[in-house]
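Student: structure for this input, please:
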Amino acid sequence: MPPPRSSPLYRWLADVLREEIAQGTYKPGDALPTEHELMQRHNLSSTTVIRAMNDLAREGLVYRKAGRGTFVKRDKLEEHLVRLKSFVEEMKSHGIIPQFKPLRAEAVVPPRDIAHAFKLAPGEKLFLIQRTYFAEGEPIATAQGYWAYEIGERLVKCDLRTAPLYEIVERELQIPLIEAEESISGAVADAALARELDVPRHAPLLVQRRLTFTTGMKPVEHTTTYHRADRYEYKIRLARQDL
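Tutor: You can find the predicted model right below:
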C-alpha cells in the first residue's frame, strides 16, 4: 500500500517508488515509468518528479540512461579475492551464464611493459584477445588479454563468443594455471569504453590487471579488464594475527 500523500511531494513520490521497488513491482533492470507518466499518474509537476528521481539516483537505487529512461539498479556482482578464478567461473558462482562479444583476436607485438613481463625478445609477438563480458544481457566489463603465442594461436580458433579461455587452456591444452599477480585500481571511462560498456563518459571503472603463470613461474597471460563500478565490486577478508 503506498504511503499517504504528504509534503513535500517530491519526497512522497520518492517514498512511493522506493516502496514499489522494495515490493518487486519494479525489479532490478526494469525501467521506471517516464517522468511524463508519473506526472499524469500522480498529478504532479515535472519539477517534483525530477527531484524525486534525483533523490533515488543519489541513493544508488536507480540509474539513468540518456534518451532511454530511468532503471532500477541491479545488485553489484561481488568477486571474493580468495583464489584464481576466471570470469566464467565467477559468474557461474552467482548462477549467471556469461556471454561475450569478441572485439579483436590477432598476433601483435605487445607494449614494452607486457613484453618485459613475458621476457620477450624485441619484435616477438603475443596473441591479443579482446572481448566484452555480458551478465544477464548487460555489458559489465571489457578485457584486453595478451596470451603466450603457442597458447593464443589455439585460443583464437575457438568460438570467442562462448569460449571459457581458462577452461580451454587447462582442460584441452593441459596447461595448468598456477597463480597470478593482480592489481586493482580506478579509472574513468573514455569515449570508447563508455560506448562499449553502455555507461556515461567519465563513469567510474574498476581496472583489474592480472599476470597469470603456469608451472615454473612462466607467464602465459596478461589481461587488463575494465569493470563497471556500478555493477562490480571486489571483496577480501583479512585476518590479523599476533606477531
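Student: show me what counts as buried in stretch 33-42.
Tutor: Neighbour-count burial for stretch 33-42 flags 33, 35, 38-39, 42 (criterion: 16 or more other C-beta atoms under 10 Å). Backbone N, C-alpha and C define where each C-beta goes, glycine included.
Student: other SSEs contacting whichever strand or helix holds Arg64?
Tutor: Using DSSP states H and E, Arg64 sits within strand 62-65. Under the contact definition 3 or more C-beta pairs under 8 Å, 6 or more residues apart in numbering; DSSP states H and E, strand 62-65 sits against helix 46-58, strand 69-72.
Student: JSON lines please, covering the ones you listed and showing mean pLDDT, mean neighbour count and distance to Arg228.
Tutor: Converted to JSON lines, the helices and strands packed on strand 62-65 look like this (pLDDT from 0 to 100; neighbours: other C-beta atoms under 10 Å; distance: least, C-beta to C-beta, whole Å):
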{"stretch": "helix 46-58", "mean pLDDT": "87", "mean neighbour count": "17", "distance to Arg228": "16"}
{"stretch": "strand 69-72", "mean pLDDT": "83", "mean neighbour count": "17", "distance to Arg228": "14"}
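Student: let's have the ones you listed in TSV, adding distance to Gly186.
Tutor: Shown next, in TSV, are the helices and strands packed on strand 62-65 (distance: least, C-beta to C-beta, whole Å):
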stretch	distance to Gly186
helix 46-58	20
strand 69-72	24
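Student: quick one, which of these is nearest to Glu196?
Tutor: Of all the helices and strands packed on strand 62-65, it is strand 69-72 that lies closest to Glu196, at 18.7 Å by C-beta to C-beta.
Student: ok, the one residue sitting closest to the centre of the chain - contacts?
Tutor: Closest to where the C-alpha atoms of the chain average out (C-alpha atoms, centre = their mean) is Ile140, at 2.9 Å. By C-beta atoms under 8 Å, 6 or more residues apart in numbering, the contact list for Ile140 reads 77, 133-134, 197, 227-228, 231-232.
Student: again, but for Met217
Tutor: Neighbouring residues of Met217 by C-beta under 8 Å, 6+ apart: Ile178.
Student: Leu211 versus that one, what's the distance?
Tutor: 10 Å (C-beta to C-beta, to the nearest Å).
Student: can you show me the helices along the chain?
Tutor: Counting by DSSP state H, the chain has helices at residues 9-22, 35-42, 46-58, 87-93, 112-118, 149-155, 165-167, 191-197.
Student: nothing else from me, thank you.
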